[in-house]
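Chemist: here's a sequence, model it:
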Amino acid sequence: MKNKLFLDKRMREEFLDRYIPIPVPYRLVHSRREVERILKEENRDIPISIALEMERFSRPAYLVQNNSFDTRNAPSVSEQINNRMNNAKTLIEQAIPSVGRINLRNHSRLSWVGTGWIVAKNVLVTNRHVAAKFAGREGDGFVFMQSEKGITKALLDTVSEYGSQQEKRYRLREVLWIAPPSEPHDVAFLSIDEESRNDEKQPDSIELIDTTAFEKIDNGHWVAVIGYPSRSNYDDIMDQQRIFQGIYGVKRILPGQIKGKNVDTGIVEHDASTLIGSSGGPVLDLTSGKAIALHFGSIPGNNNIINKAVAAPVIQKLLQKHVFS
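Modeler: Residues are numbered from 1 along each chain as shown. I've put the predicted structure just below:
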C-alpha cells in the first residue's frame, strides 16, 4: 500500500498519536517512531501490519439505525473522520432511505444478493453481476429466473438495519436492462413499485453528479458508500471481525476517499471498507450529497483493496439510452 491513505496531515498526526500496533501472527509490529518514518516516505510501500491498523483507524463501517448513524459505534475510529462524517450527516441521511438490500424469494439458494438504490422515479440501479443472480436475457428482453420453487421474485428492503425488525419492501416489477458481458460497465436497471407492501411512499431518488462536477473531483476527495457488507471468504476474517465487529448483512455507512478516476473509461477507484454485499451501493459525494458512482467490486492490490465503481455520468448516459429513450 503506497502512503496515500493520510492525505490529510491532521489525520496522519492523529493516527501517530493514537497508534497501537495490531499483534497479528506472522506480521511485523512496528514502533511509533518507525511508523512515523515510513509515513513520511511518500513512495514507500507500507507494511501490512501498519496498513491494517490504518484501515481500522480511518476506514470504519458505521451501522445505520433509524435512517441515521452514530459515529461512536465504530471502534478505534479517527476523530477527524468522525468530524467529517458528522458535518456531512444531513446529506448522508437524505440518501439513506433511497438505498436498500435486494431480497429474493423462490431463489434456489439465496435470500438476498446485494445493494440497490433509487436512481430515478420508479427506477432502481444495481450491478450487472447482482442482477444476474436472479434475472437474465430472454429474446429481446429480460426476465426473472425460474427455479424449482417458481419464478424468482426480488424486493428492495430499504431498512435491514442492525437490531431492527422493521421492513420497507418495494417489489422490483420488471428488469429494464442488464449490461451484456461485452459492456465494460457493471450496471443494471429495474423498475420498482411506487409504494411498499405497507403502502409507504417510494423514497426520493439520489441525484447523480453531472459531468462538469465529476471532472473536478480530485484524488483524496471524501465519499461514503451506503451498502450491506457481508462476510467474505476472500478477505482476512480477523480484519473483517475487527472492522465490522462480527456484524454482517446490515445497512452501513462506509467512508473513504477517491483514489483515482478515468474520465475516458468511466471507472472510479475508492478505498472504503466494502466487502461483498456492498455491490450496487452508491458512492456519495460528502460535499453535495449526490452520487459520484455505483460501487461494483474490489480488486486485491499491494497489501490493500482497490474498490471500483462506475462513474455517475456513465450511469446517466446508460439511463437515457436504455430506460428513457
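
Chemist: what are the contacting residues of stretch 198-216?
Modeler: If you take C-beta atoms under 8 Å, 6 or more residues apart in numbering as the criterion, stretch 198-216 is touched by 94-95, 97-99, 117-123, 158, 167-168, 170, 192-196, 261, 263, 282, 284-285, 288-292, 311-313, 315-316. For glycine as for every other residue, the C-beta is placed from the backbone atoms N, C-alpha and C.

Chemist: show me the contacts for Val225.
Modeler: By C-beta under 8 Å, 6+ apart, the neighbours of Val225 are 253-254, 256, 270, 272, 274, 278, 281-284, 295, 307.

Chemist: tell me what it is bridged to.
Modeler: On the basis of DSSP bridges, Val225 is bridged to Leu254, Val283.

Chemist: still on that earlier bit, out of the contacts of Val225, which is most surrounded?
Modeler: Gly281 (33 neighbours; other C-beta atoms under 10 Å).

Chemist: quick revisit: in CSV: the contacts of Val225, plus pLDDT and distance to Phe324.
Modeler: Shown next, in CSV, are these (pLDDT from 0 to 100; distance: C-beta to C-beta, whole Å):
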residue, pLDDT, distance to Phe324
Ile253, 96, 30
Leu254, 94, 30
Gly256, 90, 31
His270, 90, 28
Ala272, 89, 30
Thr274, 86, 29
Ser278, 93, 27
Gly281, 98, 23
Pro282, 98, 19
Val283, 98, 22
Leu284, 98, 23
His295, 96, 23
Asn307, 88, 29
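
Chemist: tabulate these (CSV), appending distance to Arg12.
Modeler: Formatted as CSV, the contacts of Val225 follow (distance: C-beta to C-beta, whole Å):
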residue, distance to Arg12
Ile253, 23
Leu254, 21
Gly256, 16
His270, 19
Ala272, 19
Thr274, 23
Ser278, 27
Gly281, 28
Pro282, 28
Val283, 24
Leu284, 24
His295, 26
Asn307, 21
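
Chemist: which ones among the contacts of stretch 198-216 lie within helices?
Modeler: Judged by DSSP state H, the contacts of stretch 198-216 include Gln94, Ala95, Ala312, Pro313, Ile315, Gln316 as members of helices.

Chemist: pick the one among those residues closest to Gln240.
Modeler: For the ones in helices among the contacts of stretch 198-216, the residue nearest Gln240 by C-beta to C-beta is Ala95; the value is 24.9 Å.

Chemist: count the residues that sit near the closest one.
Modeler: Using other C-beta under 10 Å, Ala95 has 24 other residues around it.

Chemist: in terms of helices and strands, where is the residue lying closest to it once chain neighbours are set aside?
Modeler: Excluding its sequence neighbours, the residue lying closest to Ala95 (C-beta to C-beta, 6 or more residues apart in numbering) is Ile206, at 5.1 Å. Element membership for Ile206 (DSSP states H and E) is empty, with no helix or strand holding it.

Chemist: ok, His295 next?
Modeler: Using DSSP H and E, His295 sits in strand 291-300.

Chemist: mind giving me the packing neighbours of that strand?
Modeler: Packing partners of strand 291-300 (3 or more C-beta pairs under 8 Å, 6 or more residues apart in numbering; DSSP states H and E): strand 112-120, strand 222-227, strand 267-270, strand 282-285, strand 305-311, helix 312-322.

Chemist: quick one: closest of the ones you listed to Ser182.
Modeler: helix 312-322 (13.9 Å).

Chemist: could you name the helices and strands sitting against the closest one?
Modeler: strand 112-120, strand 123-126, strand 169-178, strand 188-192, helix 211-215, strand 291-300.
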